[in-house]
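**Q** take this sequence and fold it.
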Amino acid sequence: MAKIGILVGSLREDSYSRKIALNVVDLFPEGYELELVEIGHLPFYNQDFDDKNAVPDVIEKYRSKIKEFDAFLFVTPEYNRSLPAVLKNAIDVGSRPPKSNLWGRKPAAIISNSPGKISGFGANHHLRQVIACLNMPVVQQPEVYIGNVAKLLDDNGKINSEYTNKLLQRLVDEFVELIKRYKA
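**A** You can find the predicted model right below:
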């Protein structure tokens, strides 16, 4: 049994990233509990919170929530060739102060997407740089960049591409193996 937190880099309720995340949940085998972790309510991280022992309750609750998970799935759009600020802030809040990094040694998988052809490549790789610094092992292959995402979703938000579903299943299978190695 493993508990996996899903962080979605888009705040829009009807976002492509959220739809992709919800599709991926169904690909995990029994024994894996997945939960969307809301991040839009977090204030921007300020080191004074910790230095002055004045951490807002919302951050304390978020940090407690992050501690509950064994692994994390990041599903993100690309904003200006990088990851969205809201996702970076959520990661920062869980990694500060440095001696209290909550992400270390927790496996991760990344899915990036874009309505265009670039597929969120920049966001995916910037996110890989960030989580490498936090000592998070990440699924290396397959790398998942979903371009033209709007064309891959039907009216109910389900992925209508057999190729994309197979790619996402491969990612989930590798992620499950990575989680097993770190839980052993």
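
**Q** please count neighbours and contacts with C-alpha atoms only from this point.
**A** OK.

**Q** now the helices for the protein?
**A** Assigned by DSSP state H, the chain shows helices spanning 16-25, 47-51, 57-67, 85-95, 121-133, 162-183.

**Q** which one of the ones you listed lies nearest to residue 106?
**A** Across those, residue 106 has its closest neighbour in helix 162-183 (7.5 Å, C-alpha to C-alpha).

**Q** in the closest one, what's buried?
**A** Residues of helix 162-183 classed as buried: 165, 167-176, 178-179 (neighbour count, 16 or more other C-alpha atoms under 10 Å).

**Q** same question, stretch 6-13
**A** Judged by neighbour count using 16+ other C-alpha under 10 Å, the buried positions of stretch 6-13 are 6, 7, 8, 9, 10, 11.

**Q** that stretch: end-to-end distance?
**A** End-to-end distance for stretch 6-13: 15 Å, by C-alpha to C-alpha, to the nearest Å.

**Q** ditto for stretch 4-17
**A** Using C-alpha to C-alpha, the two ends of stretch 4-17 sit 17 Å apart.

**Q** report the central residue of this protein.
**A** Centrality entry for the chain: nearest residue to the mean C-alpha point is residue 74, 1.4 Å, by C-alpha atoms, centre = their mean.

**Q** partners of that residue in the sheet?
**A** Beta bridges link residue 74 to residue 7, residue 110, judged by DSSP bridges.

**Q** check contacts around it.
**A** By C-alpha atoms under 8 Å, 6 or more residues apart in numbering, residue 74 lies in contact with 6, 7, 8, 9, 108, 109, 110, 111.

**Q** among the helices of the chain, which is nearest residue 150?
**A** Across these, residue 150 has its closest neighbour in helix 16-25 (7.2 Å, C-alpha to C-alpha).

**Q** need the contact list for the residue located most distally from the centre of the chain.
**A** Farthest-out residue of the chain from its mean C-alpha position, per C-alpha atoms, centre = their mean: residue 52, at 29.7 Å. Contact partners of residue 52, counting by C-alpha under 8 Å, 6+ apart, are absent.

**Q** could you identify the most distant pair in the contacts of residue 74?
**A** 9 and 108 (14.5 Å).

**Q** how much space separates residue 138 from residue 109?
**A** Distance, residue 138 to residue 109, by C-alpha to C-alpha: 6 Å.

**Q** more neighbours: which of the two?
**A** Set residue 138 next to residue 109 and count neighbours by other C-alpha atoms under 10 Å: residue 109 wins out with 26 against 22.
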